[in-house]
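In: Just the structure for this:
(one chain, ligands or ions: 1)
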Amino acid sequence: MAKTCAFKAEIRQMLDLVIHSLYSKKEIFLRELISNASDAIDRARYLALTDGTIAPEAPEWKITLEADAEAHTLTISDNGLGMGEAEMEEALGTIAKSGSKAFAEALKAGAEANIPELIGKFGVGFYAAFMVADGVTVESLRRGEGQKPVRWTSAGDGEYTMDAGARTEPGTSVTLHLRDDQTAFAEGWTLRDLVRRYSDFIAYPIFLKEAGKKEEEKRPEDDKPLNTMVALWKRPKSEVKQEEYEAFYRQTLRGHGEPLRVLHIAAEGAVEYRALLFIPKAVGMEQLMPGNKHGLSLYVRNVFIGDEIEELMPAWLRFVKGVVDSSDLPLNVSREMLQDDAVIRKIRADLTNRVLKALAEMAKDKPEDYDAFTAALGDFVKEGFHSDWENREKLTELVRFRDLKDGRYTGLRAYKDAMPEGQKAIYMLTADTEQAARQSPCLETLKAKGYDVLFLTTPVDQFIAGDLYEYDKTPIVFADKGDLGLDEASAKETLDAKTKALQPTLDAFAKQLEKTVKEVRLTTRLTDSPCCLVQDPAAMAPAMRRMLEAMGQTVPEDKRILELNPDHPLVQAVAAEADAARRADAIDLLYGQACLAEGTLPPDPARFNALVAGLMGR
Ligand code: ADP
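Out: Take a look at the predicted model:
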């Protein structure tokens, strides 16, 4: 019944790259295979909870390494779930694993130094075996009734063969025939060292059997497991080293880069649980995508229940990775039951609080770290500010915006504390980029007064702009909307007087621009520019409008307000212009400039260009 098949093209390509890579830490293959073995035991234990045929013998779950230094072989065996024929074919050969192609591409692009991370990211750990082996045999017997053993062999050269296997006990063994220059992986001391370094917290005992070792050479500790087995989160915080957290984050949780903060939690009281949470320094593209799987791994009394348990974290915290272990949940808890389980809800609320607290502490004690966090993940916090009502108050203290004064990330508290005497509002401006915001004419008066302005420039900023109307009893005012709230009574009177004097000019503007502008008025907003476009306080920010339009949505029209600077020589020149045609040109020119200043095109760009060219000609 043996059949030989070709690997899918992308697996072949990946294998080729893995085998020929110059990557020096080839030893990582071992932790990948041990981790697969441990996963297989996790799955067997989980299924056994509801299916009596999976493990009726209640075995001692374990992983065994058999090393034969003479024969240059290493076998990694487990008594986990095992694989049936179809499962094996799917897992190890024919079905294109979505990850393998992306993995191959990353390798080709020269990311060799990151092989361990890439393997984790793309879920292709098994194939790391071919970095050290020129032949791999997998023997497996699936747990459950009526299963037959199967064998899979490959030299990593483009083909694999499957036939009837010989395994009699349920589980899987992976035998590597080591390459001539990799025979150290069949030596006991190498394996002991590697297990301690990479796989110490694997929850099942890992035993070592060395072929050909004479009775008299044996030491009593040879029969003991190589690993301490205590899950990292079960160990006292004071005994865990930073490297161990980092190794766990990268190897077990498939974390990206280095963690920025680690939260090691032992909660007691209303709910009892232990948890390890990691706040990353950055996230991969995939985590930014809406609908991307996220969530924490869940263990109940040491039994692995599942990963990507979304119920354990609010959606906005999907960048957090980690593990939760609770003894307050029943062992037979199913994914469906998690959805409205009171214990899970309590754990989620508690974890959320702890993350919020950790972020607040970071912002206070380590502002540089918090700036880096904001740069990489600040949009998630803003999403939380927008969506997580229960925690709105805490999240308000955590959002940051670039500011006008020194271009730094600034929070509302810091902004308010630094407000000069007499400043009555917090000023903000939405724009496509920080640069555009900085140059907006709407800020001229604020700049002259020495007031700072917070810039909202990311797409997420546009979404939360509507939620920002007040902070700690101080109104939030958008610099391009409505009244700036500066006008002292006397200034208002002067403006009224000027409006009276310039009324015919204002009317001329309004008539000529009636299709695009809903009102033309004088302003105190400007000092250097002749005019600017502003909007009603309730209107949608122009950047938001462009974004929605780009997404193909129809956005109801809302006309802008054109504000003129009564003291500007150009505005005064228009007022003094007797020639109707020349005045009309000047109005279109000024309006076109106001459009450009806020980042939109003039309504008739060709005419605008012609007018500018005409001016230059003169
Ligand atoms: P990943 O483990 O990230 O899915 P791998 O390439 O390491 O990717 O493994 C591919 C698949 O092969 C696993 O998902 C699993 O279904 C199967 N597999 C690997 N090793 C074992 C094992 N020891 N026991 C049972 N199944 C295994």
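In: Contact residues of the chain facing the ligand?
Out: Taking C-beta under 6 Å from any ligand atom as the contact definition, the chain meets the ligand at 32, 36-37, 40, 78, 80-83, 91-92, 123-127, 172. To be clear about C-beta, it is placed using only N, CA and C from the backbone, and glycine gets the same treatment.
In: please redo it, this time with the cut-off set to 5 Å
Out: Contact residues, the chain versus the ligand (C-beta under 5 Å from any ligand atom): Asn36, Ala37, Ala40, Met83, Ala91, Gly123, Val124, Gly125, Phe126, Thr172.
In: Could you grab the helix/strand/coil label for the nearest residue to the third one once chain neighbours are set aside?
Out: Pointing back at Ala40 there. Among residues not flanking Ala40 along the chain, Gly80 sits closest, at 2.9 Å (C-beta to C-beta, 6 or more residues apart in numbering). Following DSSP: H, G, I helix; E, B strand; the rest coil, the label given to Gly80 is coil.
In: what about Gly80, how many neighbours?
Out: 27 (other C-beta atoms under 10 Å).
In: and it, what is it in contact with?
Out: Counting by C-beta atoms under 8 Å, 6 or more residues apart in numbering, Gly80 touches Ala37, Ser38, Asp39, Ala40, Ile41, Asp42, Arg43, Ala44, Trp61, Arg143, Gly171, Thr172.
In: In TSV: those residues, plus pLDDT, secondary structure and distance to Asp68.
Out: Output for the contacts of Gly80, formatted as TSV (pLDDT from 0 to 100; DSSP: H, G, I helix; E, B strand; the rest coil; distance: C-beta to C-beta, whole Å):
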residue	pLDDT	secondary structure	distance to Asp68
Ala37	95	helix	18
Ser38	92	helix	23
Asp39	90	helix	25
Ala40	94	helix	23
Ile41	95	helix	24
Asp42	90	helix	28
Arg43	91	helix	29
Ala44	94	helix	27
Trp61	96	coil	24
Arg143	97	coil	27
Gly171	98	strand	19
Thr172	98	strand	18
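In: and Met616, that one's in a strand?
Out: No - per three-state DSSP, Met616 lies outside any strand segment and is helix.
In: And it, how far from Ala267?
Out: Using C-beta to C-beta, to the nearest Å, Met616 is found at 71 Å from Ala267.
In: what's the neighbour count on Trp551?
Out: Rather than Trp, residue 551 is Met. Neighbours of Met551 under the rule other C-beta under 10 Å: 8.
In: Which among the residues of the chain next to the ligand count as buried?
Out: Among those, those buried by neighbour count (16 or more other C-beta atoms under 10 Å) are Asn36, Ala37, Ala40, Met83, Ala91, Val124, Gly125, Phe126, Thr172.
In: As CSV, the residues you listed with distance to Arg335 would be great.
Out: Listed next are these as CSV, based on distance: C-beta to C-beta, whole Å:
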residue, distance to Arg335
Asn36, 22
Ala37, 24
Ala40, 20
Met83, 23
Ala91, 22
Val124, 26
Gly125, 24
Phe126, 26
Thr172, 25
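In: hang on, the earlier thing: neighbour count for Met616 and Ala267, which is higher?
Out: Ala267 (17 against 7).
In: contacting residues around the more buried one?
Out: For Ala267, the contact set (C-beta under 8 Å, 6+ apart) comprises Tyr273, Arg274, Ala275, Ile347, Asp350.
In: one more time with 6 Å
Out: Tyr273 (C-beta atoms under 6 Å, 6 or more residues apart in numbering).
In: For it, give the beta-bridge partners.
Out: Ala267 has the following beta-bridge partners by DSSP bridges: Tyr273.
In: got the phi/psi numbers for the closest residue to Tyr451 other than its chain neighbours?
Out: Once flanking residues are discounted, Tyr451 sits nearest to Gln423: 5.4 Å by C-beta to C-beta, 6+ apart. Its backbone dihedrals place Gln423 at phi -80, psi 130, with angles given as degrees, to the nearest 10.
In: number of nearby residues for Gln423?
Out: Other residues near Gln423 number 19, with proximity taken as other C-beta under 10 Å.
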